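> the sequence and its predicted three-dimensional model are supplied below.
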Amino acid sequence: MKLIKILKVAVIPVLTVFSFLSTSNTALADYLTSNGAGGEYRYELWSSDNNDYYLKIWSNDQGSPESAQSYSTTQSFPSTREALIYFDCNYGGQNLPECPR
């Protein structure tokens with residue numbers, strides 16, 4: 001009988017608190033940071049809660065990504081600068097010193 005009482009008073013509350021602390025209830029979200037165009041393409045620069053950035057890229061003649069028939073999403077970048085350099089070099093028709101040769 002004492003064992004059951006010890007379980008109710010000590011162990012169960014400790015396990016309950018531990019489960020609440022170990023469970024994350026935060027959802028990651030993405031945020032539109034900026035948008036623009038270059039060459040024949042448009043982009044939206046998005047950031048996530050874990051400090052990654054990615055681009056949605058689509059053709060200029062398709063309006064927006066929501067109305068576009070298809071758009072591509074890039075890999076993640078550690079900064080907005082790197083994401084925009086990627087767009088300029090690969091889609092915007094720029095010949096920047098940062099562009100790979």
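All right, it came through fine. Residues are numbered from 1 along each chain as shown.
> now the helix or strand where Tyr43 lies: buried residues?
Remark: Tyr43 resides in strand 41-48, with elements defined by DSSP states H and E. Buried residues in strand 41-48, counted by 16 or more other Cβ atoms under 10 Å: Tyr41, Arg42, Tyr43, Glu44, Leu45, Trp46, Ser47. Just so you know, the C-beta spots here come from the backbone N, C-alpha and C atoms, and that holds for glycine as well.
> pretty sure the second one sits against Ser72.
Pointing back at Arg42 there. No. Counting by Cβ atoms under 8 Å, Arg42 stays clear of Ser72, with 11.6 Å between them.
> mutual contacts of those two, please.
Taking Cβ atoms under 8 Å, 6 or more residues apart in numbering as the contact rule, Arg42 and Ser72 both touch Ile57, Trp58.
> what's the neighbour count on the nearest residue to Tyr41 once chain neighbours are set aside?
Leaving out its chain neighbours, the residue that sits closest to Tyr41 by Cβ to Cβ, 6 or more residues apart in numbering is Tyr91, at 4.2 Å. Number of residues near Tyr91 (other Cβ atoms under 10 Å) recorded here: 21.
> got the contact list for Tyr91?
Tyr91 sits in contact with Gly38, Gly39, Glu40, Tyr41, Tyr43, Ile57, where contact means Cβ under 8 Å, 6+ apart.
> that one and Leu45: what is the separation?
Plainly put, Tyr91 is 13 Å away from Leu45 if you go by Cβ to Cβ, to the nearest Å.
> the strand or helix carrying Tyr86: which residues count as buried?
According to DSSP H and E, Tyr86 maps onto helix 80-90. The neighbour-count check on helix 80-90 (16+ other Cβ under 10 Å) flags Ala83, Leu84, Ile85, Tyr86, Phe87, Asp88, Asn90 as buried.
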